[in-house]
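Undergrad: I need the structure of the sequence given here:
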Amino acid sequence: MHIAIAGNIGAGKTTLTRLLSKHFKWEAHYEDVETNPYLNSFYEDMQRWSFNLQIYFLNSRFRQVVEIRNNGKTVIQDRTIYEDAYIFAPNLHEMGLMPSRDFDNYQSLFELMSTFIQPPDLLIYLRSSVPNLVKQIQSRGRDYENSIRLDYLKSLNDRYEEWIGGYTKGKLLIIDVDNLDFLDNPEDLGMIIEKINGEINGLF
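TA: Numbers count the residues shown, from 1 in each chain. Got it, this is the predicted structure:
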């Protein structure tokens, strides 16, 4: 079974992936941020490095999905390939940070890749307001995230809402995280686990 967590930068995907992996004994697949050779460069000069970054993520995520489907285990994944293609790349293109030539090339590659993969059995979307995202980003203190622009976060949030509003690829669980603290409050985590159990039981 393949469970995936979607959400904007700072929504809590990695933390929740780790906690759910520990609770359910699922194998966790994390987003490649620590060894990503483009992230720092991208936040310093988005226009120069947007295409390189998105191709790197697309390749990394495609490999993850193929591996998930081949290993026969229940896996929880931090962010999906669809977020790259439907949110981050189009957003960069619309903001003038990825030329149309590069964007068309990217879209063509994604369309080909998408014919070889299956969507998650359950998608968990962490919905967050922009002020909450900013607070989370500041509290975790990643140097390369200090320069993230507010308009960039808001634009991403709008795209997430649009994508989730039309999501039909499989089961979907939406969790509003603004007033939750699933890291330090066991009750909040317990509520999420209960909801996930309900969705998973419906898969069989």
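Undergrad: how about the residue nearest the centre of the chain, what does it touch?
TA: When the chain is reduced to its mean C-alpha position, the closest residue under C-alpha atoms, centre = their mean turns out to be residue 79, at 2.7 Å. Residue 79 is in contact with 4, 5, 6, 7, 13, 31, 61, counting by C-beta atoms under 8 Å, 6 or more residues apart in numbering. Yep, even glycine has a C-beta here, placed from its N, CA and C like the rest.
Undergrad: Return the distance of the helix or strand where the first one lies from the chain's centre.
TA: Taking DSSP states H and E as the criterion, the element that holds residue 4 is strand 2-7. For strand 2-7, the gap between its own C-alpha mean and the chain's C-alpha mean amounts to 7 Å (C-alpha atoms, centre = their mean, to the nearest Å).
Undergrad: Could you do stretch 165-179 as well?
TA: For stretch 165-179, the gap between its own C-alpha mean and the chain's C-alpha mean amounts to 12 Å (C-alpha atoms, centre = their mean).
Undergrad: Excluding chain neighbours, what is closest to residue 29?
TA: Closest residue in space to residue 29, ignoring its immediate chain neighbours: residue 77 at 4.6 Å, by C-beta to C-beta, 6 or more residues apart in numbering.
Undergrad: The one you found should be in a helix, yeah?
TA: No: assigned with DSSP: H, G, I helix; E, B strand; the rest coil, residue 77 falls outside any helix and is strand.
Undergrad: give me the low-pLDDT residue ranges for the protein?
TA: Counting by pLDDT under 70, the chain contains low-confidence ranges at 141, 143-147, 203-204.
Undergrad: All the helices of it, in order from the start?
TA: Listed in chain order, the helices found in the chain under DSSP state H are 13-24, 39-44, 46-71, 81-83, 89-94, 100-114, 130-140, 150-165, 186-201.
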